[in-house]
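[1] With the sequence up front, the predicted model follows.
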Amino acid sequence: MPIIPVNYYIFFSLALFAIGIVGVLTRRNAIIIFMCIELMLNAVNILLVAFSKMHHVAAYALDKTTTVGTEAQLFVFFIMVVAAAEVTVGLAIIVMLYRNIHSVDINFLNRLKH
Amino acid sequence: MHITEILFWILTALALFSALMVVSSDNPVHSVLWLILVFIAITGHYILMNAQFLAIVNMIVYAGAIMVLFLFVIMFMNLNKESEPQKSVWLRLAAVVSGGSLLLILVAALKDNAGYINSMKGEGSIGLIKNLGNTLFTEYVVPFEISSILFLSAMVGAVVLGKKETSIPAA
């Protein structure tokens, strides 16, 4: 029976999260920064599903009718809902930004300070 | 080596490589396409963990709707050219070092877990829509309704932000 340690999933999602952070810090294109934020949200989703599965496996050994682990999957569902709403508003903001300064370079946003 | 482990490693390598390509490719359209590949790999991970409903929703919502929205905005702004000015080398190096040290610290802090995941063992009924829908519409019906209000406000916000500002009369 294939057994995958939950450590692998933790390391995998941490690596995805770190890649997302490096992308946010290195790029200047606002859309790519936004995409890296989506990457970080997905890393968290993978971790939630992995812990849900781990918890369910442990509880299933004692009780065959258990539904332990459902809540984590519903949290992932709600995270997806919030991410969809966030993308809608964020892309509308980026479009408005492009209409005003004709660029999506975040360094031009420095003028908000003045 | 069982087929599940082989699939796990293939999907992990695919997701990490595609995520690196999202960050490092110059053309924003290529970044979007690599990100779609990341989401497909994550969908495969959900299927391996018996979260079938989330796999379908991830595929439809993320790889379908959200990525189409990104692609549409990029094409709309005509950004598909390699004209993005790069940050300086030192800033990028500092960003990579800080991200890497965060990864190092989190891995060092979390490496002592002993849990395991028994994939594909025929105990995967919690990821089906029957169980999830039962819980969603009994225990979590209030957050569900609140999320519909969130969607409504996001829709109104997108419409308000997307309107031309010249049509506002000077009061």
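    Noted; the coordinates are in hand. Quick caveat: nothing in here was measured; it's all calculated off a predicted structure.
[2] Can you name the element that comes right after the lowest-mean-pLDDT helix or strand in chain B?
    Ranked by mean pLDDT, DSSP states H and E, the weakest helix or strand in chain B is strand B:116-118, scoring a mean of 64. Heading C-terminal from strand B:116-118, the first helix or strand you meet, by DSSP states H and E, is helix B:129-138.
[3] And chain A, is stretch B:93-104 touching that?
    Yes. Legend: contact between stretch B:93-104 and chain A by Cβ under 8 Å from any Cβ of the partner chain is shown at B:94-96, B:98-100, B:102-103. Quick note: C-beta positions are derived from backbone N, CA and C, even for glycine.
[4] List only those of those residues flagged as buried.
    In terms of neighbour count (16 or more other Cβ atoms under 10 Å in any protein chain shown), the buried residues within the residues of stretch B:93-104 next to chain A are B:95-96, B:99, B:103.
[5] Any stretches of chain B with poor pLDDT?
    Within chain B, the segments meeting pLDDT under 70 span B:79-86, B:114-124, B:165-171.
[6] Which parts of it are helices?
    Along chain B, counting by DSSP state H, helices occupy B:3-24, B:28-48, B:52-57, B:67-76, B:89-110, B:129-138, B:141-162.
[7] Would you mind giving the residues of stretch B:93-104 next to chain A as CSV with distance to B:Ala154 added?
    Below are these laid out as CSV (distance: Cβ to Cβ, whole Å):
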residue, distance to B:Ala154
B:Ala94, 35
B:Ala95, 30
B:Val96, 34
B:Ser98, 32
B:Gly99, 30
B:Gly100, 35
B:Leu102, 30
B:Leu103, 32
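[8] of all these, which comes closest to B:Leu35?
    B:Gly99 (17.8 Å; Cβ to Cβ).
[9] dump the residue contacts of the closest one.
    Shown in contact with B:Gly99 (Cβ atoms under 8 Å, 6 or more residues apart in numbering or on different chains): A:18-19, A:21-22, A:25.
[10] Show the pLDDT at the residue most central in space within chain A.
    Nearest to the geometric centre of chain A sits A:Leu41, at 0.7 Å (Cα atoms, centre = their mean). Note on A:Leu41: pLDDT of 94.
[11] again with the one 3 residues further on
    Per-residue confidence (pLDDT) for A:Val44: 94.
[12] How many residues are close by it?
    A:Val44 has 15 neighbours, counted by other Cβ atoms under 10 Å in any protein chain shown.
[13] and it, what is it in contact with?
    With Cβ under 8 Å, 6+ apart, A:Val44 has these contacts: A:13, A:17, A:79.
[14] Now which of the residues you listed would you call buried?
    A:13, A:17.
[15] Please tabulate the contacts of A:Val44 in a markdown table, including the columns secondary structure and pLDDT.
    Converted to a markdown table, those look like this (DSSP: H, G, I helix; E, B strand; the rest coil; pLDDT from 0 to 100):
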| residue | secondary structure | pLDDT |
| --- | --- | --- |
| A:Ser13 | helix | 94 |
| A:Phe17 | helix | 95 |
| A:Ile79 | helix | 93 |
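[16] of the contacts of A:Val44, list those near chain B.
    A:Phe17.
[17] out of the contacts of A:Val44, which one sits closest to chain B?
    Lowest distance from chain B to the contacts of A:Val44 (Cβ to the nearest Cβ) belongs to A:Phe17, with 7.8 Å.
[18] Skipping adjacent residues, who's closest to the closest one in space?
    Among residues not flanking A:Phe17 along the chain, A:Ala43 sits closest, at 4.1 Å (Cβ to Cβ, 6 or more residues apart in numbering or on different chains).
[19] Please apply the same query to B:Leu161.
    On the basis of Cβ to Cβ, 6+ apart, the spatially nearest residue to B:Leu161 that is not a chain neighbour turns out to be A:Ala92, at 3.9 Å.
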